[in-house]
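# I'd like to go over a predicted model; first the sequence, then the structure.
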Amino acid sequence: MIPFGFCRLAIACVAFLIAIAVGSPTRAQQFGAESFSLSNGLQVVVLPNHRVSAVTQMVWYKIGAADDPRGKSGSAHFLEHLMFKGTRAHPPGEFSALISQSGGRNNAFTTEDVTVFHETVANDRLDLVMQLEADRMAGLVLHESVVLPEREVVLEERRTRIDNNPVSLLREQLTANLFLNTSERVPTIGWESEIQRLGTADALAFYRDWYMPNNAILIVAGDTDGAEVRRLAEKNFGPLAARPLPTRLRLDEPEHRAAIRLEMKSEHVAQPSWRRLYLAPSYRAGATQHAYALEVLAEILGGGSDSRLYQTLVMRDGIALSASADYAPSAIGLSSFGVYATPKTGVAVAELEAAVDAQLHRLVEQGVDPDEVRRAEQRLEAAAIYSHDSLTGPANIVGTALAIGQTLDDVAAWPARIAAVTRAEIEAAARAVLIQRNSATGILLPEHTS
Amino acid sequence: MSRLFIFLLVVAALAASPTAGARAMSIERVAGASGVEAWLVEDHSIPIVTLSFAFPGGAALDPAGKEGTASMAAALFDEGAGDYDSTAYHRRLDELAGQLEFGAGQDELAGSLRMLKRNLTATADLLRVALAEPRFAEDAVERIRAETIAMLARQARNPRSLAGRLWMRDAFEDHPYGKDSAGTAASVAAITRGDLADFVARHVNKKGLVVGAVGDITPAELSALLDRVFGGLPAGDAEAEIAEASPGDAGALVVRRTPVSQSVVSFGQVGPKRDDPDWYAAYVVNDIIGGGGFRGRLMKEIREKRGLAYGVSTALAPYRHAGLILGSIATENSRVAESIALIRAEWQRMRDDGPSEAELRDAKAYLAGSFPLSLDSTRRIAEVLVQMQTDKLGIDYLDRRAGLIEGVTLDEARAVARRLYEPARLSFAVVGDPAGLESIRPAREAH
């Protein structure tokens, strides 16, 4: 990956000037969203919801683990932690204290593509949380005395989330093997040895490169309106200057020639499990025309107890305890299509794998039935309806879409696009993605020690 | 504008209205002709209705040798009922876009149904047959039995769940609260279809049933719905009561050796029950020592200052027949002893000095203000309506809650800290390979 200091090329600056052209408000039907941009390029989305007199503010930075410099995995996630370590205006600890003193909650998360900070507060505290987020968008101050203990915290987080959990460890190994070249192969939290070497200077460089209004999306959901959010956003974020933004480097995946198989044994495993990932397009990368069809396909194959895998492996044949599939297309880079099964006690993993393969084969060779397509699409549409039933649900959906370069119209059109997916499209997607040489299969086995 | 000025404005705003988030939420009592009652919060902003309910009597009443009966029954209600086999039942529920969940705790069997307004009656009918005519068909029973036994085996190897189970087992021994509510491999293997039917006969009735309803439904519609879903259930007898319990063997340190780099530690001691007269003082003091986010003293000492753990927190855990203060932490093996020493020291400091005035003020403001902000989904509100009824808090509780918390004085907080926090009673269960730590008493087998 190119060192970030060298990314400030002329072409990036041109793109940056185009990107910050000020837009007039647009309204998307889904969630009653209203959207506008400040002159410094900050994109703002308002999602009114008057059930409770509360607001959730989210700041989405378009920078994630896939952008970590080579050899410095975990950079984006480490900086997420360090963003709570104080600014010139607010010493360490004050950010969270000011929010919790008035009953508010705040947290943050990092994915491959984004780093997100969010607060839920009473609606008369919106100005406060905007002040605080605007302040740390440009004013972060870091000292070794807070950075070094926080690095220990991140190492403990890694042990909690991954090292202490054999399923997470196998998932990490499998993903690192599935992607031969793209940064999806590196875990979001980072490799342990690389986290241990992350330092204050690295974090500040990463911060200066990526944290700026023209690389952020502000989402406010709750008991407020567009006019108030615009006024407060202008006041708090308006004074921040746009800066040239480096180009995000995304690599291509070379052709895969051989299927990958991994077997991991652990004495912390009680019973075997089997999983397979297929390289898959996302909404933004690869054969994107298949993305919506793959969402329906995952639901048909492994979405709950009505799915093919559950109905055959668990219900009919009684050889599996669980069987499922998943696919998440909201990514800038490539995604994966996952298939999972756990054998019933006494059933060999090989027998289970053969049964899963038979189902995948049947799917690719014989296609899908109109009735199961209808039922799968119904389930996905129900999930879309219920996503309205909270403050943070719509904010997360909108943020995820916009951060990877989708539009509010894409969000609004999702239910209709899912409903419009045809059998032919699902079958084409299955043929395009369920290809053995593009897969990585992982088997987790118990290791019995004395 | 200078940063100092901004900060002063912030402080002024904070002082102005400590509980501005608390918009009055109107709760109405609605009864059906059958006598079944529900608490309702009407909200017509989206065409969704959630019904939550709880029947008293849960896993703690499972017959000896048949532990896990309540959990297994809960997992089987939607696996075939009335005219529907398991697949037909799930398909019908999917068709109506209903979301149905059941779960068994130690003290109750609870469930919730989220549905679309336009499918209200048809979806509610599925809940009615699940409660009144569960099939417990042999294939479904065997499938859920196998899943349960596999889950128990998985949990037995998972440091986090194992630490929690070890602590409860050690604290409560043979009292039902010391047993895993999902049972053991042997007890789950022994459960028959007759046991499941017997569980329904004993627990699924109108005696003690509480219901919360939220969303796009009027009192008249809810009244009819209550009769439709619950009206046909038997009247029921008073539940058997289990014995009051208090964690014994206080001050124990139990170490279960397993080769992981990070140890998981569960800790706790006896605490207040929900009807304790000092509940609100204890609730505030717990937040000061072990509150989540970055509020608690433990989080500051252990994570912020020393980087010893990703998280450490404590909570009051009020069971019907026992009260606990429970906490957990995960830290590298070489630093477990230091973390435990810090927790004990904070326990002692809270006992000796209680909270400071500023800590008390901040914790009260957080606890009073955060709760109303969390009432943002029909599910969450319905769950709170059920909890309020189970805990007998009164239908006006949401209006009184902030006042109850803000009324806690420094003297009350210090007195409750001195009464409750006893380092000598604080016991720990460690799963991992902690350096320099041995069990003070050997662990009993957890399974």
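Perfect, I can see it now. Numbering: from 1, shown residues only, chains lettered A, B, ... in the order given.

# Which parts of the chain are strands?
Going with chain A. With DSSP state E, the ranges of strands along chain A come out as A:26-28, A:33-37, A:43-48, A:54-61, A:105-110, A:115-122, A:216-222, A:260-266, A:273-280, A:320-327, A:335-343, A:439-446.

# actually chain B
Under DSSP E, chain B gives strands at B:28-31, B:37-42, B:48-56, B:99-104, B:108-116, B:210-215, B:253-257, B:262-270, B:312-318, B:323-332, B:427-432.

# Tell me which of the ones you listed lies nearest to B:Glu241.
For B:Glu241, the closest of the strands of chain B is strand B:48-56, at 10.0 Å, according to CB to CB. In this view, the C-beta of every residue, glycine as well, is placed from N, C-alpha and C.

# Could you list the low-pLDDT ranges of chain B?
Residue ranges of chain B with pLDDT under 70: B:1-24, B:249, B:442-447.

# For the stretch 51-200 of chain B, which residues are neighbours of chain A?
Counting by CB under 8 Å from any CB of the partner chain, the positions of the stretch 51-200 of chain B adjacent to chain A are B:86-87, B:90-91, B:94-95, B:97, B:99, B:114, B:116, B:139, B:143, B:146-147, B:149-150, B:153-154, B:156-160.

# which of these count as buried?
Among these, those scoring as buried are B:86, B:90-91, B:94-95, B:97, B:99, B:114, B:116, B:143, B:146-147, B:149-150, B:153-154, B:156-160 (criterion: 16 or more other CB atoms under 10 Å in any protein chain shown).

# Of the strands of chain A, which shows the lowest average pLDDT?
Per-segment mean pLDDT for the strands of chain A reaches its minimum on strand A:26-28, at a mean of 45.

# Show me what residue of chain B gets nearest to chain A.
Residue of chain B nearest chain A, by CB to the nearest CB: B:Gly369 (1.8 Å).

# Look up how far A:Arg105 lies from that residue.
Taking CB to CB, to the nearest Å as the measure, B:Gly369 falls 10 Å from A:Arg105.

# now do A:Thr175
Taking CB to CB, one finds A:Thr175 at 31 Å from A:Arg105.

# more crowded one of the two?
A:Arg105 (20 against 17; other CB atoms under 10 Å in any protein chain shown).

# Quick check: chain neighbours aside, which residue is closest to the more buried one?
A:Thr120 (5.0 Å; CB to CB, 6 or more residues apart in numbering or on different chains).

# wait, which of the strands of chain A is closest to B:Ala73?
B:Ala73 lies closest, by CB to CB, to one member of the strands of chain A: strand A:320-327, at 19.3 Å.

# okay, now the domains of chain B?
As recorded under automatic domain parsing, the domains making up chain B are B:28-230, B:253-432.

# Do me a favour and get the end-to-end distance for the last one?
It refers to domain B:253-432. Domain B:253-432 has its terminal residues 13 Å apart, counting by CA to CA, to the nearest Å.

# now that domain, how far from the chain's geometric center?
14 Å (CA atoms, centre = their mean, to the nearest Å).

# What is the burial count for B:Glu241?
The criterion is other CB under 10 Å. On that basis, B:Glu241 has 12 neighbouring residues.

# quick one, what contacts it?
Shown in contact with B:Glu241 (CB atoms under 8 Å, 6 or more residues apart in numbering or on different chains): B:His321.

# Recalculate using a threshold of 10 Å.
B:56-57, B:60-61, B:320-321 (CB atoms under 10 Å, 6 or more residues apart in numbering or on different chains).

# Just put those residues in CSV and tack on neighbour count.
As requested, those are arranged in CSV below (neighbours: other CB atoms under 10 Å in any protein chain shown):
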residue, neighbour count
B:Pro56, 20
B:Gly57, 27
B:Ala60, 25
B:Leu61, 20
B:Arg320, 23
B:His321, 18
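
# Which part of chain A gets nearest to chain B, residue-wise?
A:Gly103 (1.8 Å).

# quick one: the closest residue to that residue other than its chain neighbours from B:Gln387, how far?
Leaving out its chain neighbours, the residue that sits closest to A:Gly103 by CB to CB, 6+ apart is B:Gly369, at 1.8 Å. For B:Gly369, the distance to B:Gln387 (CB to CB) stands at 19 Å.

# Appreciated, that's everything.
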